[in-house]
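Enquirer: Take a look and give me a structure for this.
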Amino acid sequence: MEREKKHIFLIGFMGSGKTSLGKLLARKLNFDFLDTDKLIEEQEKSSIQEIFNSKGESYFRELEHQLLKNISENRFATVFSTGGGMPIFNENITLMKKIGTVVFIDVPVGMLYFRLKNDVKRPLLASQKDLFEYIKITLTERLPIYKQANYTINGSLNKSELVEELIRFYSQNENSGLTAKE
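Expert: Predicted coordinates for the structure are as follows:
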């Protein structure tokens with residue numbers, strides 16, 4: 001028998017609104033909220049950018065994977081905002097689906113570009129000469145993994161509509177013991 005799914009993992013490209021949506025959703029469901037990037041920064045006592053610069057992306061991706069393994073032991077229902085690359089590496093999407101419900105926030109390239117064009121804190125954006133092209137190519141590469149989520153939601157909706165739709169989906173599927181996509 002499959003373990004009861006109680007965590008919600010929000011996945012999607014950077015700038016898709018995972019953190020702001022996650023906080024609202026957690027509040028409405030009376031769940032805890034955790035941002036995986038913030039947890040890693042606290043653990044490493046460094047920013048994500050510093051980790052990338054000093055130890056490299058592979059080291060960071062391993063930290064994400066270890067964090068996910070530890071999350072599986074968390075007993076409290078939690079909404080997790082994940083880094084944009086977390087589901088892509090180390091079979092993390094499979095692990096997330098074993099320990100929770102995975103929701104892909106699908107945001108169009110143009111909207112992501114608008115949200116990210118002035119962002120200086122994200123290490124993978126810092127070196128991009130053509131940000132729009134980078135987003136388009138990277139999102140296209142990641143979509144097959146993102147689409148393995150249990151549920152895909154239109155990230156163009158406003159936050160309150162997104163929260164209502166996610167609560168409806170989660171409630172229906174937790175009560176029936178099913179998810180939209182297994």
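Enquirer: Check what pLDDT the nearest residue to residue 32 once chain neighbours are set aside gets.
Expert: Residue nearest to residue 32 in three dimensions, not counting chain neighbours: residue 78, with 4.3 Å by Cβ to Cβ, 6 or more residues apart in numbering. Every C-beta, even on glycine, is put in place using the N, C-alpha and C of the backbone. At residue 78 the predicted local confidence, pLDDT, stands at 92.
Enquirer: swap in residue 122?
Expert: 74.
Enquirer: check contacts around it.
Expert: Residue 122 makes contact with 14, 48-49, 116, according to Cβ atoms under 8 Å, 6 or more residues apart in numbering.
Enquirer: May I have stretch 115-126 as CSV, with CA atoms only?
Expert: Provided in CSV are the C-alpha atoms of stretch 115-126 (Å, rounded to 0.1, in the frame of the first residue of the first chain):
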residue,chain,number,x,y,z
ARG,A,115,9.8,38.5,-14.0
LEU,A,116,13.5,37.6,-14.3
LYS,A,117,15.0,40.3,-16.5
ASN,A,118,16.2,42.4,-13.6
ASP,A,119,17.0,39.6,-11.2
VAL,A,120,20.7,39.6,-10.1
LYS,A,121,20.5,37.0,-7.3
ARG,A,122,20.1,33.9,-9.4
PRO,A,123,23.5,32.2,-10.3
LEU,A,124,22.3,30.6,-13.5
LEU,A,125,21.1,33.9,-14.9
ALA,A,126,24.2,36.0,-14.1
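Enquirer: distance of the residue nearest to residue 32 from residue 71?
Expert: Distance check for residue 78 against residue 71: by Cβ to Cβ, to the nearest Å, it reads 8 Å.
Enquirer: list the buried ones in the helix ranked longest in the chain?
Expert: The helix that spans the most residues within the chain, counting by DSSP state H, is helix 159-176. For helix 159-176, a neighbour-count test (16 or more other Cβ atoms under 10 Å) marks 162-163, 166, 169-170, 173-174 as buried.
Enquirer: ok, and what's touching the helix or strand of the chain with the lowest mean pLDDT?
Expert: Counting by mean pLDDT, DSSP states H and E, the weakest-scoring helix or strand in the chain turns out to be helix 123-126, with a mean of 71. Here helix 123-126 makes contact (Cβ under 8 Å, 6+ apart) with 14, 48-49, 52-53, 85, 116, 119-120, 131, 134, 138.
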